[in-house]
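Enquirer: Sharing a sequence plus its predicted fold:
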Amino acid sequence: MSKILFIFFDGIGLAPEGEHNPFSAAPMSLTKGVSGAGFVKGEPIDEKRVVFKGIDAQLGVPGIPQSATGQTALFTGVNAAEILGHHLTAYPDNRLTEIISERNILKVATDKGHSATFANAYDLNAYNQLIQEGRILHSATTLSVLGANLPFRTLDDLRNGEAVYWDITGEHLRTHRNKDIELITPEEAGKRLVMLMNKNDLILFECFMPDILGHHREFDKAVSFVQLMDRFVGTSLSELGDAGTIVITSDHGNMEDMSSGGHTLNPVPLLAFGKDAQKFGAARSITDIAPIILSILEN
Ligand SMILES: [Zn+2]
């Protein structure tokens, strides 16, 4: 049985070292120590337990890669930008919603008898209210969970150590949602995700902080986030052992180039680490991730 933890960061591209790249200012030293991958452009790594390289997010479609089409591509393997003829921002439209509902990795995995879960904790009452008021639409990850008919993890799961909030520590819940939630360290968050592999074959986690920081062009905050991300990712890699494989990638570039507040044309980093990392050596674009994940589960 092969298990996979898929950590998705929204808005991280792979760029060379440079003054506008927060991954230059705060090297991913823990992560690099364990895997060799520093999340800046350099020599790709292709070893028995580590694959690290840039993969294409533009999908052969002119224009700047965006979240709705990029995430649909990542979670389904379908070239959503090609189907629409353009890159679609933010939330999936009806066409993409249908594709995600039918073909996302959580659904395909559970249909084939594997256990799958979305590790993110939801403040469900607040979330449902925002949806009902039409103030937000479902994201690609939420649509994936709904399509697979899986339960959402809640703030109680977060309190019980069985979920992670999208910002990794839960700080956003305290500062923006006025929730009395104990913060967790990025190390604890990394351990929790690996622990979820005990009970699940496929675990998905989403963090969209890099995209927000990139749009806001807050370089110092981006540097702090890279340090936090390093503790989170570095811990999950070191805790993994023989439990399976961790794959980390993104939907499009943004935070790696803070000279502008928009998405970039850079490739996105792909880090695969652990038992079946080698299988990701064949990945060339963000449409290749879902099929490789499913083939590993079928092993
Ligand atoms: Zn964005």
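Expert: Sure thing, it's come through. Not measured: the values here are computed from a predicted model.
Enquirer: Doesn't Leu14 belong to a helix?
Expert: No. Under DSSP: H, G, I helix; E, B strand; the rest coil, Leu14 sits outside any helix and is assigned coil.
Enquirer: Find me whatever residue is spatially closest to it, sequence neighbours aside.
Expert: Closest residue to Leu14 apart from its sequence neighbours, by CB to CB, 6 or more residues apart in numbering: Gly54 at 4.0 Å. In this view, the C-beta of every residue, glycine as well, is placed from N, C-alpha and C.
Enquirer: Then Ser260?
Expert: In space, and not counting its chain neighbours, Ser260 is closest to Arg217: 7.7 Å by CB to CB, 6+ apart.
Enquirer: Would you check that the one you found makes contact with Met255?
Expert: No. The pair Arg217 / Met255 is not scored as a contact, 9.6 Å apart, by CB atoms under 8 Å.
Enquirer: Neighbour count: the two, which is higher?
Expert: Neighbour count, other CB atoms under 10 Å: between Arg217 and Met255, Met255 has more, with 33 against 15.
Enquirer: re earlier: how close does the residue nearest to Ser260 get to Leu74?
Expert: Using CB to CB, to the nearest Å, we find Arg217 at a distance of 25 Å from Leu74.
Enquirer: residue farthest from the centroid of the protein?
Expert: Largest separation from the mean C-alpha position in the chain: Glu133, at 27.2 Å (CA atoms, centre = their mean).
Enquirer: can you pull the contacts of that residue?
Expert: By CB atoms under 8 Å, 6 or more residues apart in numbering, the contact list for Glu133 is empty.
Enquirer: For the stretch 101-250 of the chain, just list every one of the strands.
Expert: In the stretch 101-250 of the chain, the segments counted as strands under DSSP state E, counting those that start in this stretch are 116-118, 121-122, 153-154, 202-207, 245-250.
Enquirer: I'd like to know which of these is closest to Pro62.
Expert: Closest to Pro62 of these, according to CB to CB: strand 245-250, at 20.2 Å.
Enquirer: so what secondary structure elements neighbour the closest one?
Expert: Counting by 3 or more CB pairs under 8 Å, 6 or more residues apart in numbering; DSSP states H and E, the packing neighbours recorded for strand 245-250 are strand 4-9, helix 219-240, strand 268-274, helix 289-297.
Enquirer: Export only the CA atoms of the third one, formatted as PDB.
Expert: By that I understand strand 268-274. C-alpha atoms of strand 268-274 as PDB (Å, rounded to 0.1, in the frame of the first residue of the first chain):
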ATOM      1  CA  VAL A 268       6.200  26.000 -10.300                       C
ATOM      2  CA  PRO A 269       8.400  24.000  -8.000                       C
ATOM      3  CA  LEU A 270       7.700  20.200  -7.700                       C
ATOM      4  CA  LEU A 271       9.200  18.400  -4.700                       C
ATOM      5  CA  ALA A 272       8.500  14.700  -4.300                       C
ATOM      6  CA  PHE A 273      10.000  13.000  -1.300                       C
ATOM      7  CA  GLY A 274       9.900   9.400   0.000                       C
END
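Enquirer: strand partners of it, parallel vs antiparallel please.
Expert: Next to strand 268-274 in the sheet, as set by DSSP bridges, lie strand 50-55 (antiparallel), strand 245-250 (antiparallel).
Enquirer: Could you find the closest non-adjacent residue to Leu88?
Expert: Once flanking residues are discounted, Leu88 sits nearest to Ala68: 4.1 Å by CB to CB, 6+ apart.
Enquirer: Which residues are in contact with the one you found?
Expert: By CB under 8 Å, 6+ apart, the contact list for Ala68 reads 80, 88-93, 96, 140.
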